[in-house]
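my questions are about this predicted structure, shown below with the sequence.
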Amino acid sequence: MLKSLFLISIFTSNLLLSQNAYNYPESRKVVQIDTFFNQAIEDPYRWLEDQQSEETKKWVAEQNKFAKNYLQKIPNNFTLREQIKRNTQISYRHPTKSGDYYFELRQAFGGTQMKVYYTKDIRVGYWDELFISKDLGVKKGETFSISGFYMSKNSQYMAYSFDNNGSDWKEIKVADLTRQKNLDDHLYNVKHSSIDWRGNGFYYQRFEKDKNGNEYKQEAKNPMLYYHKLGTSQEEDSLIFKRSDAPYNFFSAWVSDDEQYLIIEDCNQNTNMRSFYYVDFNDPVQKGILPLIKKTGKVYRPLYAKGNELTFLESYYGEKKIVSINTKNPAKHTENSHLNTELILRDAIYHKGYYYEVCYFDQQQYLIVLSENSKIIKKVEIPFGASCSITGVDENNNELLLTYQSYLHPPVLASMKLSGYKFEVIEPVKISYSMEDFVIEKITYKSDTAVVPMLIIHNKHVKLDGNNPVLIEFYGGYRIIHDPEYDAGRISFLENGGIYAYAMIRGGGEKGHYWHKDGRLLNRQKSINDIINAAQFFIDKGYTQAPKIAITGTSHGGLMAAAAAMQRPDLFAAVVPVVGVYDMLRFEKFTIGSVHLDEYGTIKKSLDYLNLRSFSPLHNVQKGLKYPATLFMTADYDDRVPPLHSYKMTATMQTLASGENPVLLIVEKNAGHNGARTYEKYIDKQTDFYSFILNALGVKKFK
């Protein structure tokens with residue numbers, strides 16, 4: 001049970017700063033004590049949760065100024081910035097096909113927003129900008145960016161969503177591609193929404209916004225599924241589905257290619273339990289929406305419909321298979337996929353009697369071709385350290401289109417022929433360095449009783465002599481498998497003698513359901529141990545030593561990085577947690593925190609509370625202890641993991657830490673959870689991140 005005492009501000013003429021020589025901006029303390037199961041917990045920086053207050057904004061501005069002054073004084077900072085710029089001067093495509101044209105969402109070099117481009121022939125190398133980007137009405141000082149586009153079944157219309165400053169709140173507009181004009185249709189208050197077309201309109205999910213201007217920390221609850229008909233106002237949209245008894249359930253819609261079926265997914269975000277409903281528009285007897293699959297912990301992704309048969313990709317804790325459901329007897333599920341259970345399905349598409357699937361096994365991806373009766377026709381290996389996703393099918397060229405990237409090169413267009421199954425990179429990789437200079441290794445290390453996979457990259461000319469700067473990254477949550485991806489700053493880190501490692505710690509999905517289960521809820525400490533043991537692996541191997549090791553993670557990985565640094569500050573020289581959650585006693589009170597109780601637990605249960613308290617970074621900062629050089633990175637419009645977590649954590653560490661190493665906070669302006677979408681902001685962020693790490697690890701001269 002939670003008891004809150006009255007919030008009392010403490011005003012003094014000379015507030016105490018942390019015991020250091022850094023002269024951080026002042027962080028006012030208040031008296032705020034909460035009681036959890038008879039334990040009193042102080043929360044002196046509760047006032048920073050009011051992200052829109054003038055006092056908080058002033059504090060953030062001062063922290064940003066302080067951090068920037070520190071970072072700009074790092075030797076050869078400019079040299080690293082230019083090196084990162086050089087590694088971003090690349091070109092790549094990841095288009096989707098609709099009708100006769102290919103479309104892609106990308107940022108023009110040096111541009112300020114995402115734009116949609118199109119071409120009729122992907123091999124000619126020339127793309128035109130679609131007109132829709134010119135009609136967003138960007139205001140000075142703000143960033144509007146297209147975040148997704150959705151084609152109508154006949155390829156005439158494109159519904160596109162866009163956001164303000166990277167927020168999860170979206171707006172939708174519609175373009176008529178035949179007449180080359182934007183329509184008057186304009187929808188607001190859209191969030192966490194898919195879009196699927198049927199006829200002359202589409203289905204989407206929206207919320208009611210907080211009317212007091214607190215939408216950026218507002219809980220995501222009480223969504224509604226609507227159908228919008230082109231040429232009408234949003235007020236005329238038809239309410240299709242809502243659940244007044246389930247405020248945290250999210251809805252999504254899928255329409256079959258022949259438009260016979262509408263499938264509605266109703267997902268409880270707290271428990272991950274789902275129900276599915278359907279409408280058969282060809283059935284003259286059916287009235288309203290009928291249940292198809294009642295409450296289940298399984299995930300069903302529609303693949304195709306034929307007659308009374310609906311076929312889904314079924315997923316349950318990492319185990320995926322293809323099943324068919326007859327609408328006349330929905331309780332019976334017929335399995336028609338028998339993949340080897342060691343293959344973890346990542347992506348799939350159905351086309352003309354065949355399934356094309358991206359699978360994961362032993363840290364590597366494969367393309368698998370199966371017939372309708374589940375016979376494996378072909379296995380095509382994707383190179384280690386690379387990943388691909390299915391973009392669509394090009395029937396004109398009879399090939400499966402793929403986006404293909406690796407740690408060493410950006411996303412490029414690839415394909416697999418549907419006859420002969422030849423894998424081919426269509427677009428040449430244009431980079432400023434030689435990929436042959438780098439080594440990618442697949443290794444494992446021991447952590448308690450577990451064997452943890454890890455990927456290591458370094459320049460093949462680097463001497464592994466115990467003095468190498470090492471950066472370890474991880475995620476370890478939500479059964480997520482990290483796919484290799486390109487990072488220009490990481491390349492610069494490697495070019496400067498660094499060793500990069502990605503540790504596939506428990507809590508992720510790299511080894512299936514049991515790997516996730518072994519790192520969630522009461523097993524969270526095992527994930528933290530995996531990070532600690534990853535660092536120890538490099539020391540034991542003689543590659544490096546503690547003063548040369550940095551750790552980082554983003555979102556859930558940011559939590560893990562901060563937690564590991566609090567427990568073993570002696571083992572790391574630097575830690576950079578990015579957009580992480582650090583107050584585990586209050587995480588469920590903000591934005592979508594309440595929908596992740598199945599991952600973390602809840603303070604309402606005593607055992608969960610004790611577990612959360614044991615690793616909550618904010619509540620494990622010890623006074624006078626020497627912590628690694630620390631840089632918290634967040635964004636002011638992050639409404640997934642609100643920046644208040646980073647604010648409170650920074651203030652706490654600046655006050656309590658010994659002061660021998662810096663504790664900095666960078667708050668990116670006009671950006672959301674996924675960070676910058678402009679070229680200059682990306683360069684700024686990468687330079688701050690890697691110059692801080694290289695400096696903390698003792699690399700003073702950048703190449």
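Nice, thanks for sending it over. All figures in this text were calculated on a predicted structure; none of them were measured in a lab.

only C-alpha atoms from now on, for both contacts and neighbour counts.
Fine.

give the contact list for the nearest residue to Trp169 once chain neighbours are set aside.
Once flanking residues are discounted, Trp169 sits nearest to Lys191: 5.0 Å by C-alpha to C-alpha, 6 or more residues apart in numbering. The neighbours of Lys191, taking C-alpha atoms under 8 Å, 6 or more residues apart in numbering as the test, are 168-170, 205-207.

what is the nearest of these to His556?
Closest approach between the contacts of Lys191 and His556, by C-alpha to C-alpha: Asp168, at 17.4 Å.

and for that closest one, the neighbour number?
Neighbourhood size, Asp168 [other C-alpha atoms under 10 Å]: 23.

could you do the one 3 residues further on as well?
Neighbour count for Glu171, taken as other C-alpha under 10 Å: 19.

also the one 4 residues further on?
The number of residues packed around Ala175, counting by other C-alpha under 10 Å, is 21.

point me to the helix or strand that includes the residue lying closest to it once chain neighbours are set aside.
Once flanking residues are discounted, Ala175 sits nearest to Asn182: 4.2 Å by C-alpha to C-alpha, 6+ apart. For Asn182, the host element (DSSP states H and E) is strand 181-191.

kindly export that strand (C-alpha atoms) in PDB.
Only the C-alpha atoms of strand 181-191 are listed here, as PDB (Å, rounded to 0.1, in the frame of the first residue of the first chain):
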ATOM      1  CA  LYS A 181      -2.800  15.800 -54.600                       C
ATOM      2  CA  ASN A 182      -3.400  15.600 -50.900                       C
ATOM      3  CA  LEU A 183      -7.000  15.200 -49.900                       C
ATOM      4  CA  ASP A 184      -8.700  17.200 -47.200                       C
ATOM      5  CA  ASP A 185      -8.900  14.200 -44.900                       C
ATOM      6  CA  HIS A 186      -6.900  14.900 -41.700                       C
ATOM      7  CA  LEU A 187      -7.100  12.700 -38.600                       C
ATOM      8  CA  TYR A 188      -5.800  13.500 -35.100                       C
ATOM      9  CA  ASN A 189      -5.100  11.800 -31.700                       C
ATOM     10  CA  VAL A 190      -3.800   8.700 -33.300                       C
ATOM     11  CA  LYS A 191      -1.300   6.500 -31.300                       C
END
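
flag every buried residue along it.
182, 185-188, 190-191 (16 or more other C-alpha atoms under 10 Å).

repeat that for stretch 430-450.
431, 438, 440, 445, 447.

tell me which element the fourth one falls in.
Assigning secondary structure by DSSP H and E places Tyr445 in strand 438-447.

distance from the chain centre to the helix or strand that that strand is followed by, please.
For strand 438-447, the following helix or strand on the C-terminal side (DSSP H and E) is strand 450-459. From the chain centre to the centre of strand 450-459 is a distance of 21 Å (C-alpha atoms, centre = their mean, to the nearest Å).

quick one: mean pLDDT over strand 450-459.
The average of the pLDDT scores along strand 450-459 is 97.

now tell me what touches that strand from outside.
Contacts for strand 450-459 (C-alpha under 8 Å, 6+ apart): 363, 385, 437-446, 494-495, 497-506, 530.

can you check stretch 541-552 too?
By C-alpha under 8 Å, 6+ apart, stretch 541-552 touches 464-474, 535, 538-539, 558, 561, 570-578, 693, 697-698.
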